[in-house]
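S.K.: Structure for the following, please:
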Amino acid sequence: MDTFAIGTGTLEKKPLPKEEKRAQLYYRAGDYPTPLKALLFGVQQLIVCSSGLLVTPYILSTIACAGTATATIRVKLIATTLVVSGIATLLQNVLGVRLALLQGPSFAYFAPIYAFEQLPEFKCNATPTDDVPEEDYLIRLRLLQGGLIGSSIIQTLIGLTGLIGLLTRFIGPLTIAPLMLLLSLSNMKMCMEYSEKHWVSLM
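M.R.: Numbering: from 1, shown residues only. Predicted structure coming up:
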């Protein structure tokens with residue numbers, strides 16, 4: 001496309017500068033990567049998301065106040081998280097919206113977890129070197145599990161009944177953003193504690 005610049009009474013044809021060459025897309029919406037590349041991309045995505053899958057088991061195992069059994073509880077929770085996340089991911093990719101997403105624990109449930117932790121009966125007086133009876137920390141985990149299952153059922157009912165469409169009229173980004181900010185700030189202490197032990201992972 002050309003423009004005409006008016007000079008001294010004459011029209012001069014002045015070409016527009018050429019647009020910068022855009023970055024070439026490797027894959028468009030309808031393209032498929034080769035099976036080998038798809039496998040490598042999947043492994044890359046798993047490595048990136050693995051840290052998010054491990055946060056919840058670490059927090060739950062700490063709140064459980066299991067003493068010397070903390071490592072055992074943590075291993076079981078990590079194994080359970082990986083298996084359930086894998087099943088949920090397969091169901092979502094095959095039967096759900098079929099997006100290439102990795103399903104994992106939701107950070108939205110940290111709020112009720114921290115609320116449980118502040119209760120007087122949930123106060124942890126044991127250190128990591130103390131022997132805690134199995135009944136004590138299993139009761140904590142069962143209470144947390146029951147509360148999270150109950151809140152999950154409520155979320156499911158809200159989605160199935162279509163009530164979420166009505167709630168979004170009153171609950172917008174200005175309501176959700178401060179909540180997510182508070183949840184992130186509440187995790188800072190624990191993140192710094194684990195980062196101090198393995199600071200190389202932050203590089």
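S.K.: and the residue nearest to residue 32 when sequence neighbours are not counted, what element?
M.R.: With CB to CB, 6 or more residues apart in numbering as the criterion, residue 32 has its nearest non-adjacent residue at 7.8 Å, and that residue is residue 38. For glycine as for every other residue, the C-beta is placed from the backbone atoms N, C-alpha and C. Here residue 38, judged by DSSP states H and E, is contained in helix 35-63.
S.K.: Give me the helices and strands touching that helix, please.
M.R.: Under the contact definition 3 or more CB pairs under 8 Å, 6 or more residues apart in numbering; DSSP states H and E, helix 35-63 sits against helix 70-94, helix 110-117, helix 134-160, helix 188-197.
S.K.: Which positions in that helix come out as buried?
M.R.: Using 16 or more other CB atoms under 10 Å as the test for burial, helix 35-63 gives 49, 53, 54, 55, 56, 57, 58, 59, 60, 61, 62, 63.
S.K.: cool, and stretch 65-80?
M.R.: Buried-residue list, stretch 65-80, by 16+ other CB under 10 Å: 65, 66, 67, 69, 70, 73, 74, 77, 78.
S.K.: Looking at those residues, which is nearest residue 32?
M.R.: The shortest gap between residue 32 and any of the buried residues of stretch 65-80 belongs to residue 78, at 33.1 Å (CB to CB).
S.K.: residue contacts, the closest residue in space to the closest one that isn't next to it in sequence?
M.R.: Closest residue to residue 78 apart from its sequence neighbours, by CB to CB, 6+ apart: residue 57 at 4.5 Å. When contacts are counted by CB atoms under 8 Å, 6 or more residues apart in numbering, residue 57 touches 74, 77, 78, 80, 81.
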